[in-house]
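**Student:** build the 3D model from these lines:
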Amino acid sequence: MTRTASRIDVRTVAPRDRHPLIFSTFGALAAGEALELVNDHDPKPLYYQFNAEIPGQFDWEYLEQGPDTWRVAITRTGTGQASGSCCGSCGGA
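**Tutor:** Purely as a prediction, here's the structure:
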């Protein structure tokens, strides 16, 4: 069962601060917990960044797909290291 542990509405966050905030919040999640992201556009580039930095450690589910509001549940599926790389707990910083 997935539990939403955090909700971030990035519409009021400066663009340069959005991804670091999202990754640090996600890094604090336990396996099975989800982060709900709220944005004013499709956060598909963020999906690609997650997939590049922590592949296999998250699920991505659209809860709302525009046109004005986009909501995505990003669930931590694992906490182990992928291919000897970073565990993600620092948010990829």
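
**Student:** C-alpha from now on. contacts and neighbour counts both.
**Tutor:** Noted.

**Student:** OK, contacts around Thr77?
**Tutor:** Residues near Thr77 by C-alpha atoms under 8 Å, 6 or more residues apart in numbering: 31-32, 56-59.

**Student:** so of the residues you listed, which ones are in strands?
**Tutor:** Per DSSP state E, strands hold the following members of the contacts of Thr77: 58-59.

**Student:** show me where this structure has strands.
**Tutor:** Counting by DSSP E, the strands of the chain are 3-9, 33-39, 58-65, 70-76.

**Student:** could you tell me the least trusted of those strands?
**Tutor:** The weakest mean pLDDT among those belongs to strand 3-9, with a mean of 87.

**Student:** can you pull the buried residues of it?
**Tutor:** For strand 3-9, burial by neighbour count (16 or more other C-alpha atoms under 10 Å) applies to 5-8.

**Student:** helices or strands up against the lengthiest helix in the chain?
**Tutor:** For the chain, the longest helix by residue count, based on DSSP state H, is helix 15-27. When contacts are defined as 3 or more C-alpha pairs under 8 Å, 6 or more residues apart in numbering; DSSP states H and E, helix 15-27 packs onto strand 33-39.

**Student:** now do the strand it packs on and helix 15-27, the angle between them.
**Tutor:** Interaxial angle, strand 33-39 versus helix 15-27 (axes from the mean of the first three to the mean of the last three C-alpha atoms, to 10 degrees): 160 degrees.

**Student:** give me the residues contacting strand 33-39.
**Tutor:** Residues contacting strand 33-39 (C-alpha under 8 Å, 6+ apart): 2-11, 25-26, 29, 69-76.

**Student:** let's see 6 Å
**Tutor:** Applying C-alpha atoms under 6 Å, 6 or more residues apart in numbering, the set of residues contacting strand 33-39 from outside is 2-11, 69-76.

**Student:** again, but for stretch 8-22
**Tutor:** 37-39.

**Student:** 10 Å instead?
**Tutor:** For stretch 8-22, contacts defined as C-alpha atoms under 10 Å, 6 or more residues apart in numbering pick out 7, 25-27, 35-41, 46, 49-50, 69-71, 74, 90-93.
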